[in-house]
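**Student:** have a look at this prediction, sequence included:
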Amino acid sequence: MISAAFTDKVELRPFEPTITYQIAILYPIHDQLSRVALDFVEILRKAFNDGRVD
(Lines give C-alpha, C1' and ligand atoms only; values in the text may rest on other atoms or scores of the structure.)
Protein backbone atom coordinates (compact mmCIF):
# COMPACT_ATOMS: atom_id res chain seq x y z
CA MET A 1 0.00 0.00 0.00
CA ILE A 2 1.40 3.35 -0.99
CA SER A 3 0.15 6.72 0.17
CA ALA A 4 -1.58 8.68 -2.57
CA ALA A 5 0.86 11.54 -1.98
CA PHE A 6 3.73 9.35 -3.24
CA THR A 7 2.15 7.37 -6.08
CA ASP A 8 3.63 9.61 -8.76
CA LYS A 9 7.12 9.18 -7.26
CA VAL A 10 7.14 5.40 -6.83
CA GLU A 11 7.63 2.79 -9.51
CA LEU A 12 6.59 -0.77 -8.76
CA ARG A 13 8.75 -3.50 -10.29
CA PRO A 14 8.69 -7.25 -9.80
CA PHE A 15 11.59 -8.48 -7.71
CA GLU A 16 13.81 -11.06 -9.36
CA PRO A 17 14.89 -13.65 -8.56
CA THR A 18 11.85 -14.87 -6.70
CA ILE A 19 12.44 -15.41 -3.01
CA THR A 20 10.78 -18.52 -1.62
CA TYR A 21 10.06 -18.89 2.06
CA GLN A 22 8.07 -20.89 4.57
CA ILE A 23 5.93 -19.46 7.32
CA ALA A 24 4.37 -21.01 10.37
CA ILE A 25 1.76 -19.96 12.85
CA LEU A 26 2.71 -20.85 16.40
CA TYR A 27 0.19 -21.03 19.20
CA PRO A 28 -0.17 -22.93 22.48
CA ILE A 29 -1.53 -26.46 22.09
CA HIS A 30 -3.22 -26.41 25.49
CA ASP A 31 -5.23 -23.21 24.95
CA GLN A 32 -7.93 -22.55 22.40
CA LEU A 33 -7.47 -19.60 20.08
CA SER A 34 -9.96 -16.77 20.28
CA ARG A 35 -12.47 -16.32 17.47
CA VAL A 36 -10.48 -13.30 16.26
CA ALA A 37 -7.24 -15.34 16.21
CA LEU A 38 -8.94 -18.19 14.33
CA ASP A 39 -10.30 -15.74 11.77
CA PHE A 40 -6.83 -14.21 11.36
CA VAL A 41 -5.28 -17.66 10.82
CA GLU A 42 -7.90 -18.43 8.18
CA ILE A 43 -7.25 -15.13 6.38
CA LEU A 44 -3.52 -15.92 6.31
CA ARG A 45 -4.12 -19.45 5.03
CA LYS A 46 -6.36 -18.23 2.22
CA ALA A 47 -3.96 -15.45 1.24
CA PHE A 48 -0.95 -17.74 1.09
CA ASN A 49 -2.81 -20.58 -0.59
CA ASP A 50 -3.99 -18.17 -3.28
CA GLY A 51 -0.40 -17.12 -3.85
CA ARG A 52 -1.06 -13.52 -2.92
CA VAL A 53 -0.32 -11.42 0.09
CA ASP A 54 -1.60 -7.86 -0.18
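**Tutor:** Here it is on my side, so go on.
**Student:** so where's this structure uncertain?
**Tutor:** For the chain, applying pLDDT under 70 flags the ranges 1-7, 51-54.
**Student:** where do the helices sit along this structure?
**Tutor:** Taking DSSP state H as the criterion, the chain carries its helices at 35-49.
**Student:** the most far-flung residue of it relative to its centre and residue 39: what is the separation?
**Tutor:** In the chain, the residue that sits farthest from the middle, by CA atoms, centre = their mean, is residue 30; the gap is 25.9 Å. Note on residue 30: its distance to residue 39, by CB to CB, to the nearest Å, is 21 Å. Any C-beta I mention is one placed from the backbone N, CA and C, and that applies to glycine too.
**Student:** with residue 31 instead?
**Tutor:** If you measure residue 31 against residue 39 using CB to CB, the figure is 17 Å.
**Student:** so who does residue 44 touch?
**Tutor:** 23, 25 (CB atoms under 8 Å, 6 or more residues apart in numbering).
**Student:** now with 7 Å, please.
**Tutor:** If you count contacts by CB atoms under 7 Å, 6 or more residues apart in numbering, residue 44 has them with residue 25.
**Student:** and it, how far from residue 23?
**Tutor:** 8 Å.
**Student:** residues near residue 12, how many?
**Tutor:** 6 (other CB atoms under 10 Å).
**Student:** apologies, that question was intended for residue 38.
**Tutor:** Neighbours around residue 38, by other CB under 10 Å: 12.
**Student:** ditto for residue 41
**Tutor:** Residue 41 has 13 nearby residues by other CB under 10 Å.
**Student:** please renumber so the chain begins at 730
**Tutor:** I'll keep to 730 as the first residue from here, and by that count the last item is residue 770.
**Student:** how much space between it and residue 745?
**Tutor:** From residue 770 to residue 745 the distance is 31 Å (CB to CB).
**Student:** repeat that for residue 756.
**Tutor:** Applying CB to CB to residue 756 and residue 745 gives a distance of 35 Å.
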